[in-house]
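*Asks:* Here is my input; please provide its structure:
(chains A, B, C and D, ligands or ions: 2)
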Amino acid sequence: MVDEEVALEIPARAEFVALARLVVSALAATDSQLADERVDDLKIAVSEACTNAIEAHDLVATEERVRVRCRAAERGLEVSVEDRGPGFDPSGLPDHPPVTDPDRLKFERGLGIPLIRALVDEVEITSSGDGTAVRLVMLHAADDVAD
Amino acid sequence: MVDEEVALEIPARAEFVALARLVVSALAATDSQLADERVDDLKIAVSEACTNAIEAHDLVATEERVRVRCRAAERGLEVSVEDRGPGFDPSGLPDHPPVTDPDRLKFERGLGIPLIRALVDEVEITSSGDGTAVRLVMLHAADDVAD
Amino acid sequence: MDLGLDVSERGRYAVLSVHGEVDVYTAPRFRERLIELVSEGKHQIVVDLEGVDFLDSTGLGVLVGGLKRLRSHGGDLYLVCTQSRILKVFEITGLTKVFSIYESVDQAVGESPTDLAAETIGERADDSGGY
Amino acid sequence: MDLGLDVSERGRYAVLSVHGEVDVYTAPRFRERLIELVSEGKHQIVVDLEGVDFLDSTGLGVLVGGLKRLRSHGGDLYLVCTQSRILKVFEITGLTKVFSIYESVDQAVGESPTDLAAETIGERADDSGGY
Ligand SMILES: Nc1ncnc2c1ncn2[C@@H]1O[C@H](COP(=O)(O)OP(=O)(O)O)[C@@H](O)[C@H]1O
Ligand SMILES: Nc1ncnc2c1ncn2[C@@H]1O[C@H](COP(=O)(O)OP(=O)(O)O)[C@@H](O)[C@H]1O
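*Replies:* Numbers count the residues shown, from 1 in each chain, chains lettered A, B, ... in the order given. Ligands and ions are numbered 1, 2, ... in the order given. Presented below is the predicted three-dimensional model:
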C-alpha cells in the first residue's frame, strides 16, 4: 500500500460514474486492511457523491470535470469527490420521516447523503458557491458504524 | 461514446501502471468501434508508456504524478501519457538488429517503444527537458498497421 | 456498463429480472421498462434483483417510483433479493418496511419451487454504453 | 495485481507456470523466481505462459534475461504459449526466432499428452499488492 494520491477527472456525465467506482474499488482491493464488504460500501458512497457532483455541474452548466481523489493512508482509505457546482447547505437537508411513516414513499430522492453517512466511517462535506467537496474515509479495521 | 476527456494521475510507482491499463481498457471497452484485440494492443502500449514515464520520474526524483489522458473521439480513442522526467530524443534510439541476428539477445530492454509503434495506429512523442508526452491514437475501423 | 432487463410472466405476475449495475446512468432504462410494463396493464410486478451487482440510491428511487405508480393503479411491486450488500441499502434507508422482499421469484408469486416454467416474453436489453 | 508462480518438475525439466499480469510491478518477482531456479541447478526450464493475462516488454526482458542466464550454464528456456495476444508481442519484437515456443508443456518436454503426473514441488506466490 502506498501513501500517495491517485486522481481521476471525469466529464460530468452519468456514464462516467462507473469509472469512478472502478478506480476506487481497484485501489481499495489492494488495501488488505479493508474487507470486501467495506469496499462495496465505499463504492456506493462514491457513486452517490459522484451522482450529486454531476447533477451539481448540470445546474450551473459548467464544462468542468468532476475530480475524484483517492489515497491509501495509514488510518484508512480516503476518497474526495470535488465539483464546481453551486454548492448547498448539507445541514439544511430535510430529515427523513421514521421508517414506519407512510410518508416514506414520498422519498424517491434524498437518499444519497443519508446512505453515504451510514456506509462510510467519516464523511466531511465542504460546500460553498464555488463547489462542493465530499471527503470519505473508510478506516482500517474499524468497527461497524451506525449512521 | 462521449467526446470528452478522462484524466488519471498516478504516483510514479510501478504498482499504479495496472490502474492506468484498467482505466484505458474500461473506456476502450465502451467504444464499440474498437475490437477487443485492438483494446489489448492499446493496453500494452499504455503500459509501456507509463513504465517509461515512471522510470523517467525516478531519474529526476520528482514527486510529481504521471498523467494519463484519455478521450473517445470521432476518429478513434486517444491516450496521452505525460511525465515530468528529463526527456529524451526518440529519434536517437538504437535500431534493433535483424530478427535473425544472434545479437538479438542483447536486447533485454529497448523493446517498449518499438512495441508501442507496432501496436498503435498513431504515435507522437513530444519530449523536452521538462518532460515527455506520448500520444497514442487507436483509429476506428483501421486496418492492421505495420511498424 | 451492461444493464440487463428480462421480462417473463408468472400467472398474474410480470417478473422483471434486472442484471448488472443500477446507477444514475442505467436507471433511466430501468425506470422506462417499469413504466412500460404498467402501461401494458401489468399491475403486479416482481422485480428480481438477484442478478444485480451494484445498486445505489438512484436504483432505490426507481423502485420507490415504480411502487407508487403501481399502488396508484391498485397494483403492487414485490422484490426478490437475498444479497446482503443489496439488502443493506434497503435497510439503511428504511425501505425494507416499504417493500415486500422475497427470497425467490417462486416465493414472491406464492408458488413452491416445483411450480416452475416461466414463459419468457420479454427482451434482453444489453446496452453497450458505459462500462 | 496477482502474479502466480507455480513450479513443478517434469523429468529433467522444471516447469514454471505464470498466472496473471506481468508488468513492471510484478516482473521482479518473476525474475527472482527464475534466478532462484537456475541457482538451484535447474538448467532446463519450461515457462508456461498459458495463464498469463497480460505481458509487456518488461516481461519479455525477464524471459530474455532468463534465457541468457540458462544458456551461459549450458541450459535452455522453453516457452509454452498459444494465446495470440501474447504471441503477438514475441512476433513484433522478433523474439519468436530466439525462443522455442510450444503449444503445451507436454510438447515442450517432449512427451505425449498421456505421459502426465507432474509433481508439484513449488509454491504459489499470490501477492496482494497492485491490482
Ligand atoms: N455536490 C452537491 N452540490 C450541490 N448540491 C448537492 C450536492 N450534493 C447534494 N446536494 C443537494 O442535496 C440534496 C440531497 O442529496 P442526496 O441525499 O444525495 O439525494 P438526491 O441527490 O437524490 O436528491 C440534493 O438534491 C441536492 O440539492
Ligand atoms: N518518457 C521517457 N522519458 C525519458 N526517457 C525515455 C522515455 N521513454 C523512453 N525513454 C528512453 O528511451 C529508451 C527506450 O525506451 P523503450 O523502448 O521503452 O525501452 P526500455 O524502457 O526497456 O529501455 C529508454 O531506455 C529511455 O532511455
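*Asks:* Next, C:Ala14: phi, psi?
*Replies:* Dihedral pair for C:Ala14: phi -100, psi 130, per degrees, to the nearest 10.
*Asks:* Tell me, how many residues neighbour the closest residue to it other than its chain neighbours?
*Replies:* In this structure, C:Ala14 finds its nearest non-sequential neighbour in C:Lys42, 3.9 Å apart by C-beta to C-beta, 6 or more residues apart in numbering or on different chains. Every residue, glycine included, has its C-beta placed from N, CA and C. Counted by other C-beta atoms under 10 Å in any protein chain shown, the residues lying close to C:Lys42 total 20.
*Asks:* Does C:Lys42 touch C:Arg12 like I think?
*Replies:* No - when contacts are counted by C-beta atoms under 8 Å, C:Lys42 is not listed as touching C:Arg12 (9.0 Å).
*Asks:* which stretches of the chain have low pLDDT?
*Replies:* No chain in the question, so chain A it is. For chain A, applying pLDDT under 70 flags the ranges A:1-3, A:95-107, A:142-147.
*Asks:* I was after chain C.
*Replies:* C:1, C:112-131.
*Asks:* Could you find the closest non-adjacent residue to the residue in chain C that ligand 1 sits nearest to?
*Replies:* Proximity to ligand 1, evaluated over chain C using C-beta to the nearest ligand atom, is greatest for C:Ser57 at 5.7 Å. Nearest residue to C:Ser57, sequence neighbours excluded (C-beta to C-beta, 6+ apart): A:Leu111, at 3.9 Å.
*Asks:* residue ranges for the helices of chain C, please.
*Replies:* For chain C, helices defined by DSSP state H occupy the ranges C:27-39, C:57-72, C:84-92, C:105-108.
*Asks:* TSV please, covering these and showing mean neighbour count and distance to D:Val109.
*Replies:* Putting these into TSV (neighbours: other C-beta atoms under 10 Å in any protein chain shown; distance: least, C-beta to C-beta, whole Å) gives the following:
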stretch	mean neighbour count	distance to D:Val109
helix C:27-39	18	53
helix C:57-72	21	53
helix C:84-92	17	46
helix C:105-108	19	52
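*Asks:* possible to save those helices as TSV with distance to A:Ile125?
*Replies:* As requested, these are exported to TSV (distance: least, C-beta to C-beta, whole Å):
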stretch	distance to A:Ile125
helix C:27-39	23
helix C:57-72	16
helix C:84-92	18
helix C:105-108	38
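*Asks:* Quick check: which of these is nearest to A:Ala73?
*Replies:* Closest of these to A:Ala73 is helix C:84-92, at 24.6 Å (criterion: C-beta to C-beta).
*Asks:* name the helices or strands packed onto the host helix or strand of A:Cys50?
*Replies:* Here A:Cys50, judged by DSSP states H and E, is contained in helix A:36-60. When contacts are defined as 3 or more C-beta pairs under 8 Å, 6 or more residues apart in numbering or on different chains; DSSP states H and E, helix A:36-60 sits against helix A:17-29, strand A:66-72, strand A:76-83, helix A:112-119, strand A:131-139, strand C:44-55, helix C:57-72, helix C:84-92.
*Asks:* Was I right to think the residue of chain C closest to ligand 1 contacts C:Thr93?
*Replies:* Yes - C:Ser57 lies in contact with C:Thr93 (C-beta under 8 Å); the separation is 7.4 Å.
*Asks:* and for those two, which residues touch both?
*Replies:* A:111, A:115 (C-beta atoms under 8 Å, 6 or more residues apart in numbering or on different chains).
*Asks:* surely A:Ser127 meets A:Leu93?
*Replies:* No - contact criterion C-beta under 8 Å: A:Ser127 and A:Leu93 do not qualify, at 11.4 Å.
*Asks:* Of those two, which one has the most company?
*Replies:* Legend: neighbour count by other C-beta under 10 Å for A:Ser127 and A:Leu93, higher for A:Ser127 (18 against 12).
*Asks:* what helix or strand is the closest residue to that one other than its chain neighbours on?
*Replies:* With sequence-adjacent residues excluded and distances taken as C-beta to C-beta, 6+ apart, A:Ser127 is closest to A:Gly87, at 4.2 Å. Using DSSP H and E, A:Gly87 sits within no helix or strand.
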